[in-house]
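In: Quick one, structure for this:
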Amino acid sequence: MRTLIRTASRFLLAGIFIYSGYGMINHTERYAKQASAALPMLPENPMLPKVLGATMMGAGSTLALGILPKTSARLLALTLIPNTYIGHPFWKAEKPEDRRSQLIQALKNAGLFGGLLYVTADKRTKPQPED
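Out: Residues are numbered from 1 along each chain as shown. Below you'll find the predicted structure:
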């Protein structure tokens with residue numbers, strides 16, 4: 001039963017990263033502009049979102065499949081840092097409803113970060129026999 005729960009958990013956790021990475025690869029210009037606006041020292045280079053998106057898709061896929069899950073979780077956790085800072089700057093929002101939606105997204109990312117940290121700490125004990 002533990003193996004089934006672990007497998008389902010990995011697939012559920014990885015889904016958002018695979019989907020978001022795919023979207024980032026398909027809309028590189030928009031993400032490059034957003035990154036350049038948030039961090040002026042970054043050039044408006046579409047290669048940056050492509051690399052981040054490919055990392056998210058690759059690490060999300062390997063996490064879902066159980067291939068190097070701790071390494072995959074660490075990579076995904078690292079992708080959340082720029083993703084949250086650039087994509088959800090709730091502290092800059094002027095309207096309360098914009099601030100609220102961006103804060104919700106930032107907190108969602110914080111929750112995902114916590115879930116990924118949990119995966120990295122998993123001792124991967126052998127499943128116990130069912131009673």
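In: Which residue ranges of the protein form strands?
Out: In the chain, no strands are defined using DSSP state E.
In: Ala33: what's its closest spatial neighbour, skipping adjacent residues?
Out: Just so we're on the same page, residue 33 is Lys rather than Ala. Take Lys33 and drop its neighbours on the chain: the residue closest to it by Cβ to Cβ, 6 or more residues apart in numbering is Glu44, 6.0 Å away. To be clear about C-beta, it is placed using only N, CA and C from the backbone, and glycine gets the same treatment.
In: Now for the one you found, how many residues are close by?
Out: 12 (other Cβ atoms under 10 Å).
In: Quick one: residues contacting it.
Out: By Cβ atoms under 8 Å, 6 or more residues apart in numbering, the contact list for Glu44 reads 32-33, 35-36.
In: do that again at 10 Å, thanks
Out: Contacts for Glu44 (Cβ atoms under 10 Å, 6 or more residues apart in numbering) come out as 29, 32-37.
In: And these, which of them are buried?
Out: Among those, the ones that count as buried by 16 or more other Cβ atoms under 10 Å are 32, 34-36.
In: returning to what we had before: reformat the contacts of Glu44 into TSV and put pLDDT and distance to Thr120 next to each item.
Out: Listed next are these as TSV, based on pLDDT from 0 to 100; distance: Cβ to Cβ, whole Å:
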residue	pLDDT	distance to Thr120
Glu29	94	33
Ala32	93	30
Lys33	93	33
Gln34	91	28
Ala35	92	26
Ser36	92	31
Ala37	90	32
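In: returning to that earlier point: now the residue nearest to Lys33: how far from Ala38?
Out: Distance, Glu44 to Ala38, by Cβ to Cβ, to the nearest Å: 11 Å.
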